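>>> Provided below for reference: sequence and predicted model.
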Amino acid sequence: GHMKQFSTTFDGDVFKDPRTCLTIASWEKHCSENLEFVVLCLRHPASVALSLQRRDNIKIEAGLRLWLRYNQSLLNGISKTPLIVTDYDQLEFGFASELARLTAALGVRMSKKKICMQADDFYSANLNHARTAEIEAIGLPVEIASLYQELRSLASASNRKNESNKSLWQPLSGLLHRRT
């Protein structure tokens, strides 16, 4: 009920809600006609855990488990909708080029000048509160480290592919094994 109502009354192009990872199968079931793409903005698990600790006083271990749950839920739940993965931790090294890749993948036409202006107005490395030393100090459990590397490789692979190759972003059933 609520998903269908939202999908038929929403007048924007994009919405951001990490909880969608937990409910993607329901979104596909009830709103597939309005769900063109899912963009996963991948963050390092330790960065997410540190952010949750600072903002909500959630223990690091619990934050890591949440990262795993959300990402596994997305991968296990998505079956029809093309998934585009972008590596948040790499944005400070090339946000404009990543924005160009994303807009092309989403079928949005934008001039290089406009992309650069959008990038300058939107992204700030100062918003990255977790520093490399803090992130590296947190040891990742093998399961989390493995999933993170798989997702990073998807983001990296998509950066090397031709943006017009829509098959790259087809559902992940053949690219990643299902996780339980």
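Cool, the structure landed. The shown structure was predicted, so the numbers you read here are calculated from the model rather than taken from an experiment.

>>> please count neighbours and contacts with C-alpha atoms only from this point.
OK.

>>> which parts of this protein are strands?
38-42, 83-87 (DSSP state E).

>>> state the mean pLDDT of the first one.
Strand 38-42 shows a mean pLDDT of 91 in the predicted model.

>>> given it, what are its sheet partners and their directions?
For strand 38-42, the pairing partners within the sheet under DSSP bridges are strand 83-87 (parallel).

>>> looking at Ile135 now. What's its pLDDT?
So, for Ile135, pLDDT stands at 84.

>>> rewinding a little: tell me which of the strands of the chain lies nearest to Gly139.
strand 38-42 (18.1 Å; Cα to Cα).

>>> from the middle of its chain, how far away would the closest one be?
2 Å (Cα atoms, centre = their mean, to the nearest Å).

>>> please renumber so the chain begins at 11
Shifting the count to begin at 11 puts that one at strand 48-52.

>>> any buried residues in it, and which?
By 16 or more other Cα atoms under 10 Å, the buried positions in strand 48-52 come out as Val48, Leu50, Leu52.

>>> could you export these as a markdown table, including distance to Thr142?
As requested, the buried residues of strand 48-52 are exported to a markdown table (distance: Cα to Cα, whole Å):
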| residue | distance to Thr142 |
| --- | --- |
| Val48 | 28 |
| Leu50 | 21 |
| Leu52 | 16 |
